[in-house]
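Asker: Turn this into a structure:
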Amino acid sequence: MEVNNLSYWEKANFYNTDVLIVGSGIVGLNAAITIKKIAPKLNVTILERGFLPSGASTKNAGFACFGSISELIEQEKIAGTDGLHQLVEKRWKGLQKLRSIVSDQQLALENNGGFELFTTAQLALSEECVSKIGHYNQLLKDITGEVDTFKMAENRLNQFGFHQIDTIIENRLEAQLDPGKMIKALIALAVSLDVLILNNCEVKSFKTEESAVFVETQQGIFKSKKLLCCTNAFASQLMPKLDIKPGRGQVIITKHIDNLQFRGTFHYDKGYYYFRNVGNRVLLGGGRNLDFFTEQTHQFGETPLVQNTLLRLLKEIILPNTSFEIEQKWSGIMAFGAQLSPIIEEVEPNIFCAVRCNGMGIAIGSQTGYDAGEMVLMSI
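Answerer: I've put the predicted structure just below:
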């Protein structure tokens, strides 16, 4: 495909580059920043299919987290104890790297703690999680530098005003941030390093010829020495052999609520539901476990099953004695796979990918992008 009426100057300056990155989310931006910081003379271009990042980087809930107890239990079954330790270490280091690249002020980061909630009907699950507090505190001690990352928080039961909740486990190292401000700051840094970002430019296909990669888009054909795909769940559309399954996360947010009783990030039902305060609003998301098949999609949107469940959680558990109105709803697309670690590899000569954040993009996105940037540089 060739776009008509391109000038010589346009083709020379916009359509030829040293490194072409697909995806302007947290991973793609960090990869570009890494490359330009190490090799400032290289030309780096990012192509973004949407007007804004299209996956989940600006559509997530803004949790700076590394795993609740119930999530860690499930992940340890998959990865083993040593594998889980390595995984949490990557998440923790990724969060610190993000904070070193973008200031806490730019992130609008607030450390109000994280809390896992258990209802009276979840007695077996709550007992199992409580019994594992010591195990995970010991496992994470050398990562976080804290002796007691997790602890019981019975004193919070009355403070938060939740209904049907009788057990709370606190993670005082968990924080919350503004994903929009995060991406704005990363874009500003990338642009200051002379990274070219082109929006509304969806990649259709790519092919290699000799030492060059030709990338077809609806805006024309780009030529690059190296191609790095950072489109997370959408990578499977370009690279179908990758072990990636999309997972839609539906999110709602209320209008302002006077005298909101809680601050912090909250996990419920093994992390399949999550909520937080945004000022005096309540943001609530999740529910893909209600219908994994339907929510395994690249399509944005909402379903009555998930939306009604989210509303019921707000009314019956989170805000049982408070009237509220929904101000907005949206969805983001995450990427999951059989393995919990991201895929950071050269899939064929001069073609690379850094994808599959498994719902932990904020935690591992910066480190994943850094690792991908270094991987590409080593091949040049």
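
Asker: Can you give me every residue that contacts N277?
Answerer: N112, Q176, L260, F262, R263, G264, L283 (C-beta atoms under 8 Å, 6 or more residues apart in numbering). In this view, the C-beta of every residue, glycine as well, is placed from N, C-alpha and C.

Asker: how about the helix or strand it falls within as PDB, C-alpha atoms only?
Answerer: In the assignment (DSSP states H and E), N277 maps to strand 273-278. Output in PDB follows, covering the C-alpha atoms of strand 273-278 (Å, rounded to 0.1, in the frame of the first residue of the first chain):
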ATOM      1  CA  TYR A 273     -12.600  -7.000  41.100                       C
ATOM      2  CA  TYR A 274     -10.700  -3.900  42.000                       C
ATOM      3  CA  PHE A 275     -11.600  -0.500  43.100                       C
ATOM      4  CA  ARG A 276     -10.100   2.700  44.500                       C
ATOM      5  CA  ASN A 277     -10.900   6.300  45.200                       C
ATOM      6  CA  VAL A 278     -10.200   8.900  42.600                       C
END
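
Asker: burial measure for I344, as a count.
Answerer: Using other C-beta atoms under 10 Å, the number of residues around I344 comes to 22.

Asker: quick check, it in a strand?
Answerer: Yes - counting by DSSP: H, G, I helix; E, B strand; the rest coil, I344 is located in a strand.

Asker: what sits against it?
Answerer: I344 is in contact with C353, A354, T368, D371, A372, M375, counting by C-beta under 8 Å, 6+ apart.

Asker: Show me the residues you listed that map onto helices.
Answerer: If you go by DSSP state H, the contacts of I344 have T368, D371, A372, M375 in helices.

Asker: downstream neighbour of the lengthiest helix in the chain in the secondary structure list?
Answerer: For the chain, the longest helix by residue count, based on DSSP H, is helix 69-101. Sequence order places helix 104-107 as the next helix or strand after helix 69-101, per DSSP H and E.

Asker: buried sites along that next one?
Answerer: Within helix 104-107, the residues scored as buried using 16 or more other C-beta atoms under 10 Å are Q106, L107.

Asker: picking that back up, quick check: the farthest pair among the contacts of I344?
Answerer: The most widely separated members of those are C353 and D371, with 11.7 Å between them, by C-beta to C-beta.

Asker: Can you pick out the residue with more neighbours from those two?
Answerer: Using other C-beta under 10 Å as the criterion, C353 and D371 rank with C353 on top: 27 against 20.

Asker: I'd say T297 and Q250 touch.
Answerer: No - judged on C-beta atoms under 8 Å, T297 makes no contact with Q250 at a distance of 11.2 Å.

Asker: ok, those two, which is more surrounded?
Answerer: Higher neighbour count among T297 and Q250: Q250, with 24 against 16, using other C-beta under 10 Å.

Asker: Report whether that one is found in a strand, as I expect.
Answerer: Yes - judged by three-state DSSP, Q250 forms part of a strand.

Asker: In contact with it, which residues are there?
Answerer: 285-288, 295, 302-303, 306-307, 310, 329-331.

Asker: mind redoing it with 10 Å?
Answerer: Contacts for Q250 (C-beta atoms under 10 Å, 6 or more residues apart in numbering) come out as 284-288, 290, 295, 300-303, 305-307, 309-310, 329-332.

Asker: which residues are common contacts for T297 and Q250?
Answerer: R288, S331.

Asker: so for the strand holding N277, what's the average pLDDT?
Answerer: In this model, strand 273-278 carries a mean pLDDT of 98.

Asker: I'd assumed N171 was in contact with F115.
Answerer: Yes - F115 lies in contact with N171 (C-beta atoms under 10 Å); the separation is 7.4 Å.

Asker: what's the overlap in contacts for the two?
Answerer: S68, A153, G264, T265, H267.

Asker: Grab the nearest non-local neighbour of S341.
Answerer: Nearest non-adjacent residue to S341, counting by C-beta to C-beta, 6 or more residues apart in numbering: L87, 6.5 Å away.

Asker: Can you give me the neighbour number for the one you found?
Answerer: As a burial measure, L87 scores 24 neighbours (other C-beta under 10 Å).

Asker: I'd say it and L340 touch.
Answerer: Yes - counting by C-beta under 10 Å, L87 does reach L340; the two are 5.6 Å apart.

Asker: Can you work out which residues contact both of the two?
Answerer: Q75, I78, A79, N358, M360.

Asker: ok, and the closest non-adjacent residue to the second one?
Answerer: With C-beta to C-beta, 6+ apart as the criterion, I78 has its nearest non-adjacent residue at 6.0 Å, and that residue is L340.

Asker: got any ranges where this structure has weak pLDDT?
Answerer: Applying pLDDT under 70 to the chain picks out residues 1-3.

Asker: can you give me the helices in it?
Answerer: Going by DSSP H, the chain shows helices at 8-14, 26-38, 69-101, 104-107, 123-131, 133-144, 156-160, 179-192, 235-238, 292-295, 304-313, 361-378.

Asker: out of those, deepest packed?
Answerer: helix 26-38 (a mean of 26; mean count of other C-beta atoms under 10 Å).

Asker: So in that sheet, which strands flank the strand holding N277, and in what orientation?
Answerer: Strand 273-278 pairs in its sheet with strand 265-268 (antiparallel), strand 281-286 (antiparallel), by DSSP bridges.

Asker: And those strands: which comes nearest N16?
Answerer: strand 281-286 (41.0 Å).

Asker: Relative to the whole chain's centre, how far out is that closest one?
Answerer: What separates the centre of strand 281-286 from the centre of its chain is 16 Å, taken as C-alpha atoms, centre = their mean, to the nearest Å.
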